[in-house]
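[1] what follows is a predicted structure for the sequence shown.
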Amino acid sequence: MTDIVITGIGVIGALGIGKEAFWESIRQANSGIRKIGSFDTSSFRSNVGGTVEGFEPGRFIPSSAYRRMSRISRMAVAASVEALGDSGLILEGVDRDRIAVVMGTAYGSSSRVEEFYKTLLKDGPRGAQPFLFPETVPNAPASQIAMFHRITGPNTTFCQNEVSAENAISYARDVLMDGHADVALAGGAEELSAILYLCYDALGALSRIKVEGPGSINPLPGGGLILGEGAGVLVMEKRKSALLRGARIYGTLKSSATRGGFASLGHYEPSGESMSRSLSMAIEQAGITPHDIDQIHVSANCSGELDRMEHAQLKKFPGLRLEDLGVIPLKYLTGDFGGAGAIRAAAALLSLHHRVPLPTVSAETLKADPPRPPEWRIRSDTKPQAALVTTSTFGGGSSSLVFTSE
Amino acid sequence: MQGPMKRAVSNRVAVTGIGVITSIGNDLFSFRKALFEGKNGVGPVTIFDTSDFPCRLGAQVRDDYLGASFSPQEIRRISRCDLLGLTAADEALFNSLLDLDECNKDRTGVVLGGGAGGMLSWERFRRGLWSGEKRPRPSPLLASAPCTLTDLIARRYELGGYRATITTACSSSATSIGYASDLIRSGRQDIVVTGGSEALSELTFAGFSSLRVMDPEACRPFDKNRRGLSLGEGAAVLVLENYDLALSRGAVIYAEVMGYAINADAFHMTAPDPEAKGVCSVMARALENAQVEPGQVDYINAHGTGTKANDAMETKAIKEVFGEEQARALAISSTKSMVGHCLGAAGAVETVATILALTEQLVPPTVNLEVPDPDCDLDYVPTSAREKKIRFALNNSFAFGGNNTSLVLGKV
């Protein structure tokens, strides 16, 4: 089977602007969850989130190009610029019909939807502002990436709640394996907007945390959902073509498995069956055993419901070295968002590439019984060679990816 | 257990179930009748206030179409978009005659295309806040994401296979059908429920209105006097199945999905590239992927929105890909002239129209096309349906952001 490898990484997130800053943060398990400064939270029951701070799009994109872009597109394009640069791929002279762009996002630019709809509410149909409309579509980030780099190959966008980016990475893998493209930029993005926060608050879904002043916090698992934002882009290609052009390889995406599950709207699958099935499929397809996995990234998001489900499924899953290794619930540090999968995958890939283990928490932390602050530390000094990134979403369904080091 | 398929089955993809609901018909039977009669589905939009809009028309699905199959509680809790989608999914699974208990549900996926999803529900909440309601009921928010329909269908039929929702605006559901066919062709799934749904919403209505691309009257694609599109709503769901498995259970096969391609214009968020480079390339690549020669194509269900820019650009692209002579021999129609532009559902609704053209060997017309345009000088089958031998057909969908999709379907 053709190996799909990752040759470039771009990250714009709460844990850092750029992959280097991100790497430093995750090595120290710094939290990116803090008081939201980008919009007024006084009327909500919470005021924290994994917000991206200090992002200057001009560092990555000329202002003429980003001026009209939504926040999510700015972050996505910036991440794509970093990832492409990092991959060493020179677009000049390359057939850009053979490069794919695949992104995942749960909501796209919710702020543009709100801004545009508000002009309609305020001034009626004749006052609705046309320049705010185009980026209300969730495919805007992927389209902006294509436009910015003039990449004309397969281009699409997935919205599947919290597995959106995983779906995108999985499709990109299919596109490469089926020969529809030679290179794929794949990932996810999300923006944390006032309207999205308002909706989640109205549904009572958020943790009721209010903090004063700056500084990051480590929320309690089970204390309630924390939202985040950011963008992550991976450059993916076939091993052979990566080797041919002498590219640096971060790791191999050995398998990706997606399974549907059944849950009520806004809830996680109570049984967790789809998670265990996606895990076994991904491990089987990767041609490894559960024992080979030395890094486990979970999607626990402090909601409690998801955290406990993942805990139960991991405990049940035979052969995982859970006790030695601990788990990495990166969303405890970044907050939860639909495009988070790409950033979590980036964490795994950087760790595999540097052969440096990441801090983890004990699996029992996810159980939140009783809730205790996550204690992040390096629990194993094994140089990581295989990482599992598993994600389950509300609405039902799970996705698992296996990455291996070179 | 799912895994690489070991069975010796073909990699062909059959369409074995179809469900459709639009302004011109609430099921496959009535849709087919209306489609070939050239019924105009565009009329006054009543689900929200359009009195201040320059264009007040759209292809809205009649209330009695939707009310019939759902309880008042479902109508309250599920978004209009998802009600439409469930209606189409129920019909598609029913007429596929699949016994789901006999199927491997772990190898049965749901891959849909979404547009604005439950935007109308979100708008009610948002308008409530705006007008000073203290606490508008938040529960409609739960159903406002574009992927809720995918989850609802999977849950209703307990389908545990691959699940994804593609959201590339006006080409979403065409891409979802392409991806669903990939999943079957490569042996990753046996059956995939695919297609898409869209409900009219203020946001999209105001959006297209603000871009001044809506015809104040019913749209007239390829007509010299065309002034823009008419928005529509509806849903279409297909059951795609591994061809051999479909044959072995004695299924009725409506058509074969031959292949598809997607790409990006990388040109502009809303305007098509007048050079039509992306659109030419997507049609050519779709044919290549389908291993169908341009000369074997007899019908194109055009994107044909009715905007000045699109129709001229698409005509130019068809000539470029097929050559002048063959382009003139092709039958081309825009069924958007009847059902409006159903955005996220457009690709799926038009795939159903294309499949019907293949099964009936009859070309659906472009209605309201009265005055020929020198820039659109091909055969758009104006006004009334026409008999024609159709072996292979192409279905085009182009979207905001320059996301193009072209699907190739074949007669069985």
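    Sure thing, it's come through.
[2] every contact and neighbour count from this point should use C-alpha atoms.
    Noted.
[3] what about the nearest residue to A:Leu176 once chain neighbours are set aside, how many neighbours?
    In this structure, A:Leu176 finds its nearest non-sequential neighbour in A:Asp182, 6.0 Å apart by Cα to Cα, 6 or more residues apart in numbering or on different chains. By other Cα atoms under 10 Å in any protein chain shown, the residues close to A:Asp182 number 21.
[4] same check on A:Thr136?
    The burial count for A:Thr136: 25, using other Cα under 10 Å.
[5] tell me the pLDDT at the residue nearest to A:Leu176?
    On the pLDDT scale, A:Asp182 is placed at 96.
[6] next, give phi and psi for it.
    When read as degrees, to the nearest 10, the backbone of A:Asp182 gives phi -100, psi -30.
[7] doesn't A:Lys238 make contact with it?
    Yes. In this structure, A:Asp182 is within contact of A:Lys238 by Cα atoms under 8 Å, at 7.0 Å.
[8] what touches both of the two?
    A:Leu176 (Cα atoms under 8 Å, 6 or more residues apart in numbering or on different chains).
[9] who in the stretch 151-300 of chain A is up against chain B?
    A:151-161, A:167, A:199, A:202-203, A:258-263, A:265-266, A:274, A:281, A:285 (Cα under 8 Å from any Cα of the partner chain).
[10] if we go to 7 Å?
    A:151-160, A:167, A:199, A:202-203, A:258-262, A:265-266 (Cα under 7 Å from any Cα of the partner chain).
[11] and chain B, which residues reach chain A?
    With Cα under 7 Å from any Cα as the criterion, chain B meets chain A at residues B:52-53, B:138-139, B:141-142, B:145-147, B:151, B:155, B:159-169, B:203, B:206-207, B:210-211, B:262-267, B:269-270, B:401-403.
[12] can you select the buried ones from those residues in PyMOL?
    Command for PyMOL that selects the buried part of the residues of chain B next to chain A, burial taken from 16 or more other Cα atoms under 10 Å in any protein chain shown:
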select buried, chain B and resi 53+138+139+141+142+145+146+147+151+155+159+160+161+162+163+164+165+166+167+168+169+203+206+207+210+262+263+264+265+266+267+269+401+402+403
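[13] among the residues of chain B next to chain A, name the ones in strands.
    B:163-166, B:262-264, B:403 (DSSP state E).
[14] now these in a markdown table, with pLDDT?
    Formatted as a markdown table, these follow (pLDDT from 0 to 100):
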| residue | pLDDT |
| --- | --- |
| B:Arg163 | 96 |
| B:Ala164 | 97 |
| B:Thr165 | 98 |
| B:Ile166 | 98 |
| B:Ile262 | 97 |
| B:Asn263 | 97 |
| B:Ala264 | 97 |
| B:Asn403 | 96 |
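[15] and the two most separated of those residues?
    Greatest spatial distance among those (Cα to Cα): B:Arg163 and B:Ala264, at 23.7 Å.
[16] and A:Leu253, which of the three is it?
    Classification of A:Leu253 by DSSP: H, G, I helix; E, B strand; the rest coil places it in strand.
[17] can you pull the contacts of it?
    By Cα atoms under 7 Å, 6 or more residues apart in numbering or on different chains, A:Leu253 lies in contact with A:4-5, A:402-404.
[18] chain B next: which of those residues are close?
    Okay, of those, nothing touches chain B (Cα under 7 Å from any Cα).
[19] from the residues you listed, which is closest to chain B?
    Using Cα to the nearest Cα, A:Val402 comes nearest to chain B of the contacts of A:Leu253, at 15.3 Å.
[20] now the closest one, nearest residue through space, not along the chain?
    Using Cα to Cα, 6+ apart, the closest residue to A:Val402 is A:Leu388 (4.7 Å).
[21] report the buried residues of the one helix or strand the one you found maps to.
    Under the criterion of DSSP states H and E, A:Leu388 resides in strand A:386-392. By neighbour count on 16+ other Cα under 10 Å, the buried set for strand A:386-392 is A:386-392.
[22] from the residues you listed, pick the one nearest B:Pro216.
    Nearest member of the buried residues of strand A:386-392 to B:Pro216, counting by Cα to Cα, is A:Ser392, at 45.8 Å.
[23] residues touching that closest one, list them.
    A:162-163, A:275, A:299, A:398-399.
[24] check these and tell me the two furthest apart.
    Going by Cα to Cα, the pair spanning the contacts of A:Ser392 furthest: A:Glu162 and A:Met275, at 13.2 Å.
[25] can you give me the pLDDT of the residue in the stretch 301-406 of chain A positioned nearest to chain B?
    Nearest residue of the stretch 301-406 of chain A to chain B (Cα to the nearest Cα) works out as A:Gly395 at 5.9 Å. Turning to A:Gly395, the model gives it a pLDDT of 92.
[26] the chain: strands as residue ranges?
    I went with chain A, as the question did not name one. Under DSSP E, chain A gives strands at A:4-13, A:16-17, A:34-35, A:48-49, A:99-104, A:155-158, A:183-190, A:230-238, A:251-259, A:295-297, A:386-392, A:398-404.
[27] wait, I meant chain B there
    Under DSSP E, chain B gives strands at B:13-22, B:43-44, B:57-58, B:108-114, B:163-166, B:191-198, B:234-242, B:255-264, B:297-301, B:331-333, B:362-363, B:386-387, B:392-399, B:403-410.
[28] among these, which is the most enclosed?
    Among the strands of chain B, strand B:191-198 has the highest mean neighbour count (mean count of other Cα atoms under 10 Å in any protein chain shown), at a mean of 35.
[29] next up, the contacts around residue 239.
    All of this refers to chain A. A:3-5.
[30] sorry, should have said chain B
    Per Cα under 7 Å, 6+ apart, neighbours of B:Val239: B:15-18, B:92-93, B:96, B:191-194.
[31] next one: A:Thr393
    Per Cα under 7 Å, 6+ apart, neighbours of A:Thr393: A:161-163, A:268.
[32] what about it, distance to A:Val101?
    23 Å (Cα to Cα, to the nearest Å).
[33] please apply the same query to A:Lys315.
    Taking Cα to Cα, one finds A:Lys315 at 37 Å from A:Val101.
[34] which one's more surrounded, these two?
    A:Val101 (30 against 16).
[35] now for residue 220, how many residues are close by?
    All of this refers to chain A. 22.
[36] I was after chain B.
    28.
[37] that one contacts B:Gly306, correct?
    Yes. With contact defined as Cα atoms under 7 Å, B:Arg220 counts as touching B:Gly306 (5.6 Å).
[38] what touches both of these two?
    B:Arg226.
[39] biggest helix in the chain by residues?
    Because you didn't say which chain, this covers chain A. When chain A is parsed with DSSP state H, its longest helix is helix A:71-87.
[40] you looked at the wrong chain, it should be chain B
    Criterion DSSP H: the longest helix present in chain B is helix B:308-329.
[41] gap between that helix and the chain center?
    21 Å (Cα atoms, centre = their mean, to the nearest Å).
[42] what's it in contact with?
    B:221-222, B:226-228, B:272, B:274, B:276, B:279-280, B:284, B:294, B:304-305, B:375-376, B:378-379.
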